[in-house]
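Chemist: Have a look; sequence and predicted model below, questions after that.
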Amino acid sequence: MKLHEIRGLLSGEVLTDKVSLEIDINYCYGCDLMSDVLAYVQNNVLLLTGLVHPQVIRTAEMLDLKAIVFVRGKRPTEEMVSMAEDKGIVLICSKHSLYTSSGILYENGLLGEEITHEATLQG
Amino acid sequence: MKRHYKVDGEQMTLAGEASSDMKKLLMQLGFTNQLIRKVSVAMYEAEINMVIHANGGDIDIEITPKEVVIHLKDEGPGIADIGLAMQEGYTTASNVAREMGFGAGMGLPNMKRYSDELHINSELGKGTEVKMFFYL
């Protein structure tokens, strides 16, 4: 699914003007705990989160994630937006909750990142 | 090749700068994406630990034809029970760490998961030394 479709489905507002939305996203992961994101995400996922902190951008950077949607109307700071633009990461804001955002995307065919301890132990 | 980073323990927003710089270096050196990701995540977790538990510290990197070695040293409170700290979900982290999205007790387990070798030496009241090896 293209990122611009995701933006449309979530009635999202794109904050990063300098980064293209012509990116393919195949999986999604919703989480407010960055430690868990670092532990379990293997694929190039879209990250849905309600946590607003520069470490969210850092986490995405370390995992080569291309896009983050901030849910429940949370807005990142200007500092976070410019950090994301520097790293080529798209930031989108949606007013939907984490649950509703996930449901909309799943219903439209975006798969969830499946996690198991066995899989992640192989690193 | 060697590199040294001084990690500031006061500014939470800067946490991860060293890991970000290291990631750029590994990309320039042409390592595989898989290796870069393992090293980046493990070093980032270690750097975050250093900031939230030990008020910063020093990181020394060595890259040889055989391996990448990350050596972290702090003068923080030390780890009372390393076995317990290695368990997923065990944490002594502060609310500040939780506000950053950390403090879920996954830091050391993640470092172990992504490195090929992890050695921890810690003394209460003196500090902690962590060495992570990634084979090439």
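Modeler: Sure, I can see it. Numbering: from 1, shown residues only, chains lettered A, B, ... in the order given.
Chemist: mind checking the SS state of the residue most central in space within chain A?
Modeler: A centroid search over chain A (C-alpha atoms, centre = their mean) returns A:Leu47, at 2.2 Å, as the residue closest to the centre. Classification of A:Leu47 by DSSP: H, G, I helix; E, B strand; the rest coil places it in strand.
Chemist: Now for the closest residue to it other than its chain neighbours, how many residues are close by?
Modeler: Nearest residue to A:Leu47, sequence neighbours excluded (C-beta to C-beta, 6 or more residues apart in numbering or on different chains): A:Ile68, at 4.8 Å. Backbone N, C-alpha and C define where each C-beta goes, glycine included. Neighbour count of A:Ile68, defined by other C-beta atoms under 10 Å in any protein chain shown: 25.
Chemist: The helix or strand hosting B:Asn121 and chain A, any residue contact?
Modeler: For B:Asn121, the host element (DSSP states H and E) is strand B:117-123. No. Counting by C-beta under 8 Å from any C-beta of the partner chain, chain A has no neighbours in strand B:117-123; the shortest distance is 11.8 Å.
Chemist: buried sites along the helix or strand bottoming out on mean pLDDT in chain B?
Modeler: Lowest mean confidence among the helices and strands of chain B (mean pLDDT, DSSP states H and E): helix B:95-99, at a mean of 86. Of all the residues in helix B:95-99, those buried under the rule 16 or more other C-beta atoms under 10 Å in any protein chain shown are B:Ala97, B:Arg98.
Chemist: any residues touching it, and which ones?
Modeler: Here helix B:95-99 makes contact (C-beta atoms under 8 Å, 6 or more residues apart in numbering or on different chains) with A:His53, B:Met12, B:Ile48, B:Ile52, B:Gly103.
Chemist: Of those residues - the most surrounded one?
Modeler: In these, the most neighbours by other C-beta under 10 Å go to B:Ile48, 29 neighbours.
Chemist: hang on, that one in a strand?
Modeler: No. B:Ile48 is assigned helix when assessed by three-state DSSP, not a strand.
Chemist: Also compute the angle for the helix or strand hosting B:Val39 relative to strand B:117-123, please.
Modeler: Assigned by DSSP H and E, B:Val39 belongs to helix B:33-54. Counting by axes from the mean of the first three to the mean of the last three C-alpha atoms, to 10 degrees, helix B:33-54 lies at 10 degrees to strand B:117-123.
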